[in-house]
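Visitor: Give me a 3D structure for the following:
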Amino acid sequence: MAPPDHLNNVERKLIDQLRAGQYKTISGGSETTANAWAADGSDVTVYGQFPTTTETNYPAIITEMVANGIETQFMGQKLTYGASSTEAIGELYGVGFNIYLIVNRDSSLTPTGGATAYKQRRLINYLMLNCANILMDTDFSSTNTEVDERHFSGFKDIGYDPKLEHWVAVASMVIVFKNNR
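Guide: Here you go, the predicted structure:
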């Protein structure tokens, strides 16, 4: 039996979660789910790769896999995988992503329950906070990938291009999971 396709499982789950725009919150003392934007993708477009300039809809979130490799090799390389306790050879494997947020001059989004639409710099700020919430709350339990750690660097490269009239923010994220073979 072939091992699960971990890299694609992780990448697909991140993209799906960003498209859904959902994260966890506490309301009235109990955990609930909040929506940062419409789950139908009508107000934020999420891409799994860089779109062409003519295909891009704004505001845009672009995920890009930028690195992967072995994080830690287990002593003797033996591990048990998931609930089945099947023994396999394996290691901790990491995958790195850059997440780009791009807002153009005409982009707008009205937050759930909000009275006014966010635009430009206010919109990029809103997207940064909510993307971080979504990325850190992504639940991988529905995949065949056992995630061990995640490291979110936060949005560091934040800027404005006056020629293109685009606001941009870039973050990095590393997800470490058990790889069995």
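Visitor: need the contact list for the nearest residue to Asn57 once chain neighbours are set aside.
Guide: Spatially, and ignoring its direct neighbours in sequence, Asn57 is nearest to Thr45 (4.2 Å; Cβ to Cβ, 6 or more residues apart in numbering). Heads up, the C-betas are built off the backbone N, CA and C, glycines and all. Shown in contact with Thr45 (Cβ atoms under 8 Å, 6 or more residues apart in numbering): 56-61.
Visitor: Give me the below-cutoff pLDDT ranges for the chain.
Guide: 1-3, 72-86 (pLDDT under 70).
Visitor: show me where this protein has strands.
Guide: Listed in chain order, the strands of the chain (DSSP state E) span 22-27, 30-35, 45-47, 60-81, 86-104, 108-109, 118-119, 147-161, 166-180.
Visitor: Touching the second one from outside, list them.
Guide: Strand 30-35 has contacts (Cβ under 8 Å, 6+ apart) with 20-26, 112.
Visitor: quick one, that strand and strand 22-27 angle?
Guide: 140 degrees (axes from the mean of the first three to the mean of the last three Cα atoms, to 10 degrees).
Visitor: Kindly export strand 30-35 (C-alpha atoms) in PDB.
Guide: Provided in PDB are the C-alpha atoms of strand 30-35 (Å, rounded to 0.1, in the frame of the first residue of the first chain):
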ATOM      1  CA  SER A  30     -18.000  28.100  24.400                       C
ATOM      2  CA  GLU A  31     -16.000  27.400  21.200                       C
ATOM      3  CA  THR A  32     -17.700  28.300  17.900                       C
ATOM      4  CA  THR A  33     -16.700  29.000  14.300                       C
ATOM      5  CA  ALA A  34     -16.400  32.500  12.800                       C
ATOM      6  CA  ASN A  35     -16.400  33.400   9.100                       C
END
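Visitor: partner strands of it, parallel or antiparallel?
Guide: Paired with strand 30-35 in the same sheet, following DSSP bridges, are strand 22-27 (antiparallel).
Visitor: Format the CA atom coordinates belonging to the partner strand as PDB.
Guide: The C-alpha trace of strand 22-27 is given here as PDB (Å, rounded to 0.1, in the frame of the first residue of the first chain):
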ATOM      1  CA  GLN A  22     -13.400  29.900   8.900                       C
ATOM      2  CA  TYR A  23     -11.600  30.000  12.200                       C
ATOM      3  CA  LYS A  24     -12.400  29.200  15.800                       C
ATOM      4  CA  THR A  25     -13.400  31.700  18.400                       C
ATOM      5  CA  ILE A  26     -15.000  31.800  21.900                       C
ATOM      6  CA  SER A  27     -18.500  33.100  22.200                       C
END
